[in-house]
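Trainee: Just the structure for this:
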Amino acid sequence: MADQNVPPRPPRDDRGWGGPQHPTPGGYLDPGAAAPYGYDSPLPDPHGYPTQGDPRISYPHAGHPAPGPRGPQWVGPEGLGQPVPARSAGTGLPDLDDEGEPRGVGRRRALVALGSTAAVVAGGAALAMSPQVRGLFGEDVVGDATGTTVTDGTAARPSGQQPSTVRTYTEQNESYMGSRAGAALKKNAPAGGRTFAGPAAAAAGTKVTVKTVLAKDPVLHLARRATFGPTPQVVADIRRLGIDAWIRQQLDPDRIEPSPAELKLAELPSLKLSVQQLRDQRDQLNERGAQPERELVDATLARQIWSKRQLFEVMVDFWNDFLHVAAEFDGGEVYRNAFDRDVVRAHALGSYPQMLIAANKHPALLLYLNQNESRADAVNENLARENLELYSVGVDGGYTEKDVRQAALLQTGRGVEDGKYVFRADRHYVGKVKILGFTHANNSKDPKKADAAIDAYITYIALHPSTARYVAQSLATRFVSDTPPKSLVDRLAKTYTVNKGMIKPLLMTLFSSSEFWAAVGQKVRRPMEYLVGTYRTLGVSPEASAKNDDGDNRRTPFARGLRQISDKLRELGQYPMGQPTPDGYPDVYVAWTSAGAMVNGWNEAGELVAGYRTQFTYVKPERLVAKPPATAGAYVDALATRLVHQKLTAREKALILGIAGVPASARVDATFNGAITAVARAILASPQHHLR
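Mentor: Predicted coordinates:
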């Protein structure tokens, strides 16, 4: 993590924005303060400090005690914290916290039974761990690496010490998987495999042997992993084009037409503005209720839900966790949009070394990790450390504390002025450096030569064998399983090295591997993926419904609806670029096992089925199936096939019929005799909707 021995952040006069300027000593918005002008709801408490014993973080700093647990808040049609809308008697769906027992076995008990099944991954035991709280990096006084010659450490921080020798785990995902629950998941992971001539050949030649409730259909498996959730259209497209052609199409996103929702992103006024325009137009944007860093989050969610470039959006999300810069940091309101556009999206399917070079010259990263404050006589190690630990070789990649200090010295001079990247020669350390096998004379203050030396170092670590393995491990964890087979990680690392960090060959190796196709049901959706997938499978339209009551003339219904989604995801604990620390969100199920989040997600699914968020248009639940069968059992089968693309197990089907209070043979109408909303929500609480 970012070094805790760094200079305190001085007040910046380069903010260029009248939004949230984070007056607290930790550099973050005071959670108890009133929302700034132009903010329609207060931001949540950002102080997600680590629990004691977190092997990656050794603080919070003094003055900020860890907060208590956050209680759930209602996010209604008018936004976070607004009153629950009145509903007519006998309509809607009871909240799972209600104590009433409706007909049959009781909706609450049946959903909990379904949920306990949903917590089972491929036959493993149900997991009930609370997610660990993530922390913010601290800000203490500079330690020993403040001079131009102190590069060999001190007794407290020996220069030869490797970070991996002082950590229990080598990276964030592994820290969660080291639990007993993680060990249970490992037992069902595919052990090994091989590479085929292409994805379709790999799908046809791979036998799925793992235990799972999901249908072992390669088309559905690809749709679950390479998109934010299958839809009838996506499944039909893969079947029509074929696996190979669909993947080739997705790997060329510029040739895929924008969806209507992406065209509507023009309704978010700050999204396409440059850094300078954001600085110049801050007053006008505040008057319109625009918040650039939050509109970026909103737009990302819109793309995840509605974009046809689904694999591209999945990779954008992957890199936003791997090369993570939080959306809401002191400066994010001006610079994070440009980072998304010019770094992550520009290189998401291109070259990772080029992405890392671009990131290290972008104001967002330079400000986020305090590089703007680093100079030869007062070195800040944050960016240098994270470049090694998180963005390239990994904590067990072989670097030492001396390497961190040498890298921090080399990178001095890079900073931000007037909203742009600059190289300040007067702040740059001159002298020979040696970092993880990279050697450079670094003997010039000439901006071009010094800058080129830093670029050469960034390229070196981006192509290091440890980086190849770290990227491979992360990618396999995202697409295959929480415990990806070593055989696949080895082949992906080799592809990364041979292709010099190019991302498309890496994905083709992944999709052409038997391990990918054998891992059906081995990933569980995180909260954001669950909610986004729910919007997708329900066929929600970005157009406002006829019931929409536009009570905010500053923002369109589409913009307000997206803000409601992001507010809900804040409540669930995950939203795009939401992790305040530079490690990004964990991508393993054990990190997200929370009964509260699961129940909250089910309740939100009920809201969507019932169409209560009027800023969008919904398919009425009784019309989800074009020609509903006349008997209850057949109707459940048809509705499950529509929502989760397969029938449920006999036990799950019985539980859902119990929710409706009817036997399988009972005659029902299109509304399931008034229980269609409850039945649809129960299907969305099933394991088939939680797994991806």
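
Trainee: Isn't residue 387 up against residue 360?
Mentor: Yes. Applying C-beta atoms under 8 Å as the test, residue 387 and residue 360 come out as touching, 7.1 Å apart. Placement of C-beta: from N, CA and C, glycine included.

Trainee: Neighbour count for these two, which is higher?
Mentor: residue 387 (28 against 23; other C-beta atoms under 10 Å).

Trainee: which ones are touching that one?
Mentor: Contacts for residue 387 (C-beta atoms under 8 Å, 6 or more residues apart in numbering) come out as 356, 360, 407, 458, 461.

Trainee: Which neighbours do residue 387 and residue 360 have in common?
Mentor: By C-beta under 8 Å, 6+ apart, the residues touching both residue 387 and residue 360 are residue 458.

Trainee: Run a quick neighbour tally on residue 534.
Mentor: 24.

Trainee: make that residue 423, sorry
Mentor: By the criterion of other C-beta under 10 Å, residue 423 has 18 neighbours.

Trainee: Report pLDDT for the closest residue to it other than its chain neighbours.
Mentor: By the measure of C-beta to C-beta, 6 or more residues apart in numbering, the closest residue to residue 423 outside its immediate chain neighbours is residue 447, 4.4 Å from it. In the predicted model, residue 447 carries a pLDDT score of 94.

Trainee: For residue 447, give its distance to residue 460.
Mentor: Counting by C-beta to C-beta, to the nearest Å, the gap from residue 447 to residue 460 is 20 Å.

Trainee: Same drill for those two, tell me which one is more crowded.
Mentor: Remark: of residue 447 and residue 460, residue 460 carries more neighbours, 18 against 14, as counted by other C-beta under 10 Å.

Trainee: Looks like the more buried one contacts residue 440 (just checking).
Mentor: No. Using C-beta under 8 Å, residue 460 makes no contact with residue 440, being 9.3 Å away.

Trainee: Isn't residue 563 up against residue 294?
Mentor: Yes. Using C-beta under 8 Å, residue 563 is in contact with residue 294, at 7.1 Å.

Trainee: Distance check, residue 462 against residue 495.
Mentor: For residue 462 relative to residue 495 (C-beta to C-beta), the value is 15 Å.

Trainee: for residue 632, same thing?
Mentor: Distance from residue 632 to residue 495, by C-beta to C-beta: 51 Å.

Trainee: Among these two, which residue is more densely surrounded?
Mentor: More neighbours surround residue 632 than the other of residue 632 and residue 495, with 24 against 20 (other C-beta under 10 Å).

Trainee: what about the stretch 101-250 of the chain, any weak spots by pLDDT?
Mentor: 101-191 (pLDDT under 70).

Trainee: Apply 50 and report the result again.
Mentor: 101-105, 118-153, 168 (pLDDT under 50).

Trainee: where does the closest residue to residue 225 other than its chain neighbours land on pLDDT?
Mentor: Once flanking residues are discounted, residue 225 sits nearest to residue 479: 5.4 Å by C-beta to C-beta, 6+ apart. pLDDT, residue 479: 98.

Trainee: Let me know whether residue 479 touches residue 515 as I believe.
Mentor: No. Assessed by C-beta under 8 Å, residue 479 is found out of contact with residue 515, at 9.6 Å.

Trainee: what about those two, which has more around it?
Mentor: residue 515 (29 against 24).

Trainee: Tell me how far that one lies from residue 210.
Mentor: Applying C-beta to C-beta to residue 515 and residue 210 gives a distance of 11 Å.

Trainee: Equivalent analysis for residue 308, please.
Mentor: 30 Å.

Trainee: same question, residue 447
Mentor: Going from residue 447 to residue 210 by C-beta to C-beta gives 55 Å.

Trainee: and residue 338, how many residues sit next to it?
Mentor: Number of residues near residue 338 (other C-beta under 10 Å) recorded here: 20.

Trainee: That one: helix or strand, and which one exactly?
Mentor: Taking DSSP states H and E as the criterion, residue 338 maps to helix 332-339.

Trainee: tell me what the helix or strand just after that helix is packed against?
Mentor: Downstream of helix 332-339, the next assigned helix or strand under DSSP H and E is helix 345-347. Judged by 3 or more C-beta pairs under 8 Å, 6 or more residues apart in numbering; DSSP states H and E, the packing partners of helix 345-347 are helix 352-359.

Trainee: Please tell me I have it right and residue 559 contacts residue 298.
Mentor: Yes. If you go by C-beta under 8 Å, residue 559 and residue 298 touch, sitting 7.0 Å apart.

Trainee: Spell out which residues are contacts of both of the two.
Mentor: Common neighbours of residue 559 and residue 298 (C-beta under 8 Å, 6+ apart) are residue 268.

Trainee: Which one of those two is surrounded by more residues?
Mentor: residue 298 (26 against 23).

Trainee: Find the nearest non-adjacent residue to that one, please.
Mentor: residue 562 (3.7 Å).

Trainee: next structured bit after the helix or strand harbouring the one you found?
Mentor: When elements are assigned from DSSP H and E, residue 562 belongs to helix 557-572. Using DSSP H and E, the helix or strand that follows helix 557-572 in sequence is helix 595-610.

Trainee: what about that next one, average pLDDT?
Mentor: Rounded mean pLDDT across helix 595-610 is 91.

Trainee: Show me which positions of the very next helix or strand once past that helix end up buried.
Mentor: Once the chain leaves helix 595-610, the next helix or strand it forms, by DSSP H and E, is helix 632-644. Residues of helix 632-644 classed as buried by neighbour count (16 or more other C-beta atoms under 10 Å): 632-633, 635-640, 642-644.
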